[in-house]
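In: Just the structure for this:
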Amino acid sequence: ALGQCVYLWEADTGNIRHLLTLREDTDFVTSVAWVRDKGNSHYIAVGTNHNVVQLWDAEAERRLRSLDGHSARVGALSWNQHWL
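Out: Numbers count the residues shown, from 1 in each chain. Predicted coordinates for the structure are as follows:
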């Protein structure tokens, strides 16, 4: 993550892919957590300064959902298998 953007770096190839840019100037990435599902899918959770967690499919480079309702910035994320 870099400010308002999240990039994916593939260590095998050195390729860098842009995953997301947060829309508002006052919002920025405050936490990131990866998980690999049983089916070899790769999911990433991104916490923001605007109290939101975004769930992304890193392989498809597609946002799956946004989780609102946090009372403050999301400063830490942790997966327990496939549970966030």
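In: Please save the CA atoms from the lowest-mean-pLDDT helix or strand in the chain in PDB.
Out: Least confident helix or strand of the chain, by mean pLDDT, DSSP states H and E, is strand 29-36 with a mean of 91. This file holds the C-alpha atoms of strand 29-36, laid out as PDB (Å, rounded to 0.1, in the frame of the first residue of the first chain):
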ATOM      1  CA  VAL A  29      -5.000   2.700   3.400                       C
ATOM      2  CA  THR A  30      -4.400   2.000   7.100                       C
ATOM      3  CA  SER A  31      -4.100  -1.800   7.100                       C
ATOM      4  CA  VAL A  32      -3.800  -4.800   4.700                       C
ATOM      5  CA  ALA A  33      -4.200  -8.600   5.300                       C
ATOM      6  CA  TRP A  34      -3.800 -11.500   2.900                       C
ATOM      7  CA  VAL A  35      -5.400 -14.900   3.000                       C
ATOM      8  CA  ARG A  36      -5.100 -17.900   0.600                       C
END
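In: Please list the outside residues in contact with the helix or strand following it.
Out: Of the helices and strands lying after strand 29-36 in sequence (DSSP states H and E), the nearest is strand 42-48. Strand 42-48 is contacted by residues 1, 6, 19-20, 22, 27-37, 53-59, 64, 73-77, 79, 82, 84 when judged by CB atoms under 8 Å, 6 or more residues apart in numbering. Just so you know, the C-beta spots here come from the backbone N, C-alpha and C atoms, and that holds for glycine as well.
In: Recalculate using a threshold of 6 Å.
Out: 6, 27, 29-36, 53-56, 58-59, 74, 77, 84 (CB atoms under 6 Å, 6 or more residues apart in numbering).
In: Then stretch 4-21?
Out: Counting by CB under 6 Å, 6+ apart, 22, 28, 46, 58, 61 sit against stretch 4-21.
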